[in-house]
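*Asks:* With the sequence up front, the predicted model follows.
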Amino acid sequence: LEKDHERLTARLESEAEQHRKRSARLSQLTVRRRIMTEPVDVFRLENVLQPAREAGPIEKQMEEVQAANERLESELNRALKRQILWNGSLAQIDTLPLPSKETVGRFEDRFDALRRSLEKHREARAATEQEISQTRADIQAVDRSHNVPTEVDLKDARELRDKGWGLIRRQLEGRRVPAEASREIVDRFDDASDLPDAFESSIQRADRVSDRLRREADQVSRKGLLEAQKEKLEKEKTAIATALEKARADHSELTADWEKQWAPAGITPQTPKEMQAWLLEIGGLREKLVELRSRKSQAESLVGQLAALRSGMLRALDDAGAIRGENEPLSAMIQTALHFIQTQKERESAILSADRERIGLEADLKEGASVIEDLDARFSRWKANWQISLGKLGIRPDATPTEAIAVIESIREIRNKTDEADVLRKRIEGIDRDSARFAARVKGLVDTLAPDLQDESPDRAAELLNGRLTRARKDASRHSNLTERLESSRNELAGAEKRL
């Protein structure tokens, strides 16, 4: 009954405490739930936030792309300024009317061909001039050694003679002779004073040249050959000069045509080879310009995308009532949206948790009340049985289990003490019997073995006897060892005597 009382009491107290705590918690939850802020619907904000987050750090990407574009544009402008043939802007490169690489290649081939032709003609002219100089030197050498006349000299002498005869014949015919013509003939001869003298001298000169031509035929022939060779070389030189002039004209025409190819671009071209390198450089600039424009298009796309995302985020945040700063970047808006959504979800979760706990507490309170009611009924039945049991023990009916247990325990303790006293009494009697027997045995041993100890108490006499016993045992052991050694010595002595 006591244990039942303890269990029932503990259960009632526990259930009552639980009921009180649940009631207090329910009151707190009711007040807390009343003041909770209802969450805002963030469905649209989440839909807008998702593409913004998927776009990644678009602002950083845009800054990086713009910085790269600025670096590339600066590099292109520097490269454009390094070349000195054209002063246009970077934006005009694409529309710059330039000849193709193939055209430049054809001009390079034509310039090379003309250059080789000019070099060839110059070399031929130099060689011809050298041969002419050598031929003239050879002719002068012949003239210095023999003063050999030539067929040309003979022809000139005869022409002068015939011319003089023609004038004299005109005089003989009675026709007038121009003074200038007569004076021209006379002046050719130092010793002539008039036309007849001059005519006579011309006949003599022509005869002398003819005679010398016959006498010095070899030298004449050599000089003639040299003169013919000189004439031929002069003709070749003239032909070479003509060809050289034509090549120069062709070169000038080709140069004009070459410059005409670059005129629309306002460029004074250098050699085709140099312009090939320049075209390659401009081609590289054009390719990088295409890349720059693509990058700028990408940057513009990012700007548009960023503007669309910021606009959507602004509307969604304002519609949701989120607090945001002025002119926030998209990354800050995303963080604001995430914090706002998290706050709303935490509010929703807190409300759901409070509602679930409230419902659970209400169910627990209802169940607890039922349990308490059942425990009260069980405690009433226990109390009736308790009063009946107390009546049988002669204890007042209103005694508590603790008081009744204390009385019972006192009675039980008295009984235990009485039983313990009986046991102790019996043990004392046994000890006394054992002591008397011990004293009698000690007395018998003392009388027999140590009469000198008769005046000692039994305990002291027993202790002394035990000490003597110990010494006697040691003496006996020593005696035994000595006896064995004596016997061994006797045996050794006997053996020695036998050997002797």
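*Replies:* Perfect, thanks for sending it.

*Asks:* which other helices and strands contact the helix or strand harbouring A241?
*Replies:* Per DSSP states H and E: A241 is located in helix 217-262. Contacts defined by 3 or more Cβ pairs under 8 Å, 6 or more residues apart in numbering; DSSP states H and E place helix 217-262 against helix 101-146, helix 151-172. (Glycine included, C-beta is placed from N, CA and C.)

*Asks:* gap between the longest one and the chain center?
*Replies:* So the one you mean is helix 101-146. 66 Å (Cα atoms, centre = their mean, to the nearest Å).

*Asks:* go on, stretch 287-294?
*Replies:* Stretch 287-294 sits 23 Å away from the centroid of its parent chain (Cα atoms, centre = their mean).

*Asks:* buried residues in that stretch?
*Replies:* By neighbour count with 16 or more other Cβ atoms under 10 Å, stretch 287-294 contains the buried residues 288-289, 292.

*Asks:* In strands only, show me the residues you listed.
*Replies:* The members of the buried residues of stretch 287-294 all map outside strands under DSSP state E.

*Asks:* Kindly reformat those residues as CSV containing distance to R473.
*Replies:* Below are the buried residues of stretch 287-294 laid out as CSV (distance: Cβ to Cβ, whole Å):
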residue, distance to R473
K288, 121
L289, 126
L292, 122
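
*Asks:* so where's the stretch 301-450 of the chain shaky on pLDDT?
*Replies:* 325-326, 382, 386-405, 407-408, 411 (pLDDT under 70).

*Asks:* Which strands or helices does the helix or strand hosting R214 pack on?
*Replies:* Using DSSP H and E, R214 maps to helix 195-215. Contacting helix 195-215 under the criterion 3+ Cβ pairs under 8 Å, 6+ apart are the following elements: helix 151-172, helix 179-186.

*Asks:* Among the buried residues of stretch 287-294, which ones are in helices?
*Replies:* The helices, defined by DSSP state H, take in 288-289, 292 from the buried residues of stretch 287-294.

*Asks:* Pick the one among those residues closest to P99.
*Replies:* Checking those against P99 with Cβ to Cβ, the nearest one is L289 at 19.3 Å.

*Asks:* Nearest spatial neighbour of that closest one, chain-adjacent residues omitted?
*Replies:* I93 (5.8 Å; Cβ to Cβ, 6 or more residues apart in numbering).

*Asks:* measure L486 to D475 for me?
*Replies:* Using Cβ to Cβ, to the nearest Å, L486 is found at 16 Å from D475.

*Asks:* returning to what we had before: figure out which of the helices and strands packed on helix 195-215 is closest to I132.
*Replies:* helix 151-172 (17.1 Å).

*Asks:* Just the mean pLDDT for the closest one, thanks.
*Replies:* Averaged across helix 151-172, pLDDT comes to 82.

*Asks:* So which bits of it are buried?
*Replies:* 153-154, 157-158, 160-161, 164, 167-168.

*Asks:* looking just at contacts, which helices and strands does it meet?
*Replies:* By 3+ Cβ pairs under 8 Å, 6+ apart, helix 151-172 packs against helix 179-186, helix 195-215, helix 217-262.
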